[in-house]
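In: Need coordinates for the following:
(one chain, ligands or ions: 1)
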Amino acid sequence: MNPLTPRTRIKICGLTREADVDAAVTAGADAIGFVLYPKSPRAVTAARAGDLARRLPPFVTPVLLFVNATADEIAAGLAAVPQALLQFHGDEPPEACTAPGRPYLRAARMAPGVDLLDLAARHPSAQALLLDAHVEGYGGGGKAFDWSLIPPGVPCPVVLSGGLNPASVIDGVMHVRPWAVDVSSGVESAKGIKDAALMHCFCQAVREADARVAQASAGT
Ligand SMILES: O=C(O)c1ccccc1N[C@@H]1O[C@H](COP(=O)(O)O)[C@@H](O)[C@H]1O
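Out: The predicted structure is shown next:
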């Protein structure tokens with residue numbers, strides 16, 4: 001699925017503290033997610049997301065995660081973090097995802113019967129499909145899904161998510177070959193509390209997976 005580059009991009013999601021943002025960047029994250037979903041244990045306000053996003057250096061992308069937010073809530077997020085990529089993780093129809101006129105990731109809550117090809121067709125302007133496990137509460141559940149549910153030929157980049165951690169991400173990258181991986185629970189020491197050592201281990205594991213993929217490709 002990622003024939004162009006052996007460098008899998010890394011998004012770390014659900015950051016709430018300055019030190020965690022700095023540690024995620026130091027660890028090598030390409031994107032940092034801020035959860036603007038009030039029911040999440042990782043929720044931040046738009047203003048707080050703005051403060052945290054201002055710490056990011058060039059070439060590290062802030063991502064604003066929404067679950068069934070109103071247009072005003074999305075606008076408030078974008079006013080605070082104008083350069084953000086949007087992540088829609090609820091039941092938003094395509095027109096709600098395109099209405100802000102911004103690049104976005106469309107989350108798919110993976111379970112038997114989910115038709116990813118149909119979802120991709122309904123979101124031709126999504127930058128990527130983000131594949132998460134189907135969990136209660138929409139996401140951030142630390143639960144993996146069955147990667148064999150991903151059909152061949154998804155016509156857009158795939159972000160692999162759902163229960164990844166420093167141990168499982170190597171298999172995930174090697175099996176799915178996603179454009180990027182996204183992690184939240186798997187780099188936390190407690191619900192909603194990121195752990196600098198785990199974020200470092202996660203990013204190192206992704207680089208290890210990339211090296212193995214490159215080695216496997218060279219051998220074929
Ligand atoms: O992080 C949350 O609290 C959250 C809440 C509601 C929807 C999505 C959420 N996070 C996203 O969930 C996936 C999987 O996270 P995990 O690694 O299994 O904990 C990830 O894409 C987060 O961006």
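In: Contact distance from the ligand - what residues of the protein qualify?
Out: Applying C-beta under 6 Å from any ligand atom, one finds that the chain approaches the ligand through 13-14, 33, 35, 37, 40, 42, 65, 67, 89, 130, 132, 138-142, 161-164, 182-186. For every residue, glycine as well, the C-beta is placed using N, CA and C.
In: What about the residues you listed, which are in strands?
Out: Among the residues of the chain next to the ligand, the members found in strands (DSSP state E) are 13, 33, 35, 65, 130, 132, 182-183.
In: beta partners for the residue most central in space within the chain?
Out: Centroid-nearest residue in the chain: residue 182, 3.7 Å away (criterion: C-alpha atoms, centre = their mean). Applying DSSP bridges to residue 182 gives these bridge partners: residue 11.
In: Can you give me the distance of it to residue 79?
Out: When distance is defined by C-beta to C-beta, to the nearest Å, residue 182 is 24 Å away from residue 79.
In: Give me the neighbour count for the residue nearest to residue 183 when sequence neighbours are not counted.
Out: With C-beta to C-beta, 6 or more residues apart in numbering as the criterion, residue 183 has its nearest non-adjacent residue at 4.7 Å, and that residue is residue 164. Neighbour count of residue 164, defined by other C-beta atoms under 10 Å: 26.
In: I'd say residue 164 and residue 178 touch.
Out: No: the pair residue 164 and residue 178 fails to qualify as a contact (C-beta atoms under 8 Å) at a distance of 10.2 Å.
In: between these two, what contacts are shared?
Out: Common contact partners of residue 164 and residue 178 (C-beta atoms under 8 Å, 6 or more residues apart in numbering): residue 172.
In: for residue 24, what are its contacts?
Out: 12, 15, 32, 194, 199.
In: repeat that with 7 Å
Out: By C-beta atoms under 7 Å, 6 or more residues apart in numbering, the contact set of residue 24 is 12, 15, 32, 199.
In: sorry, back to before: enumerate every residue touching the residue nearest to residue 183.
Out: Applying C-beta under 7 Å, 6+ apart to residue 164 gives the contacts 172, 181, 183, 186.
In: which one of those sits closest to residue 56?
Out: residue 183 (17.4 Å; C-beta to C-beta).
In: for that closest one, what are its contacts?
Out: 12-13, 164, 202.
In: Equivalent analysis for residue 195, please.
Out: So residue 195 contacts 187-189 (C-beta under 7 Å, 6+ apart).
In: how about 6 Å then?
Out: Taking C-beta atoms under 6 Å, 6 or more residues apart in numbering, we find residue 195 in contact with residue 189.
In: Near the nearest residue to residue 34 once chain neighbours are set aside, how many other residues are there?
Out: Sequence neighbours aside, residue 49 is the residue nearest to residue 34 in space, at 3.9 Å (criterion: C-beta to C-beta, 6+ apart). Using other C-beta under 10 Å, residue 49 has 27 other residues around it.
In: Please apply the same query to residue 27.
Out: Residues lying near residue 27 (other C-beta under 10 Å) number 20.
In: The residue nearest to residue 34: what secondary structure?
Out: Residue 49 carries the three-state label helix when classified by DSSP: H, G, I helix; E, B strand; the rest coil.
In: Over to the one 10 residues further on?
Out: At residue 59, secondary structure determined by three-state DSSP is coil.
In: mind checking how far it is from the ligand?
Out: As defined by C-beta to the nearest ligand atom, to the nearest Å, residue 59 lies at a distance of 20 Å from the ligand.
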